[in-house]
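Visitor: this one's structure only:
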C-alpha cells in the first residue's frame, strides 16, 4: 500500500474515500485512532492508503475532484 493523502481534516478523508470507492478503488485509512494520543484535538494527520496498482488512477480521480494529494 502507498500513501495517497495525508490530512488533519476528516471531511477530506471521507470525501476522498467516497469518490475513490465510487470508482472501484479500495482505500484504507491509517492513524484513525491516533486522536487518543493527542487528546482528540485533531493535530495528528490521518493517511489514506491505496494499493500500489491503484495509485496512478487514484491520484487522477482526486485531481479531477480538486482534492490535493500533496504530490
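Guide: Arrived safely, thanks for sending. Predicted model only: the values in this text are computed from it and were never measured.

Visitor: what's the helix or strand for the most centrally placed residue in the chain?
Guide: To find the centre residue of the chain, average its C-alpha atoms and take the closest one (CA atoms, centre = their mean): that gives residue 48, at 2.8 Å. Using DSSP states H and E, the secondary-structure element containing residue 48 is strand 46-50.

Visitor: helices or strands up against that strand?
Guide: With contacts defined as 3 or more CB pairs under 8 Å, 6 or more residues apart in numbering; DSSP states H and E, the secondary structure elements packing on strand 46-50 are strand 2-7, helix 10-22, strand 27-30. For glycine as for every other residue, the C-beta is placed from the backbone atoms N, C-alpha and C.

Visitor: Which residues are in contact with the nearest residue to residue 67 once chain neighbours are set aside?
Guide: Distances taken as CB to CB, 6 or more residues apart in numbering put residue 16 closest to residue 67, at 5.3 Å, once the chain neighbours are dropped. With CB atoms under 8 Å, 6 or more residues apart in numbering as the criterion, the residues that contact residue 16 are 4, 5, 27, 48, 62, 65, 67.

Visitor: What score does the first one have for pLDDT?
Guide: Think residue 4. Among the per-residue scores, residue 4 shows a pLDDT of 94.

Visitor: which residues does it contact?
Guide: Residue 4 sits in contact with 16, 27, 48, 49, 50, 55, 58, 59, 62, 69, where contact means CB under 8 Å, 6+ apart.

Visitor: By pLDDT, give me the weakest of those.
Guide: Ranked by pLDDT, these bottom out at residue 69, which has 82.

Visitor: Residue ranges in this structure under the pLDDT threshold?
Guide: Applying pLDDT under 70 to the chain picks out residues 35-42, 71.

Visitor: Could you rerun that using 90?
Guide: Residues of the chain meeting the criterion pLDDT under 90: 8-10, 31-46, 68-71.

Visitor: Next, work out how far apart residue 64 and residue 24 are.
Guide: Using CB to CB, to the nearest Å, residue 64 is found at 15 Å from residue 24.

Visitor: again, but for residue 68
Guide: Here the distance between residue 68 and residue 24 works out to 22 Å (CB to CB).
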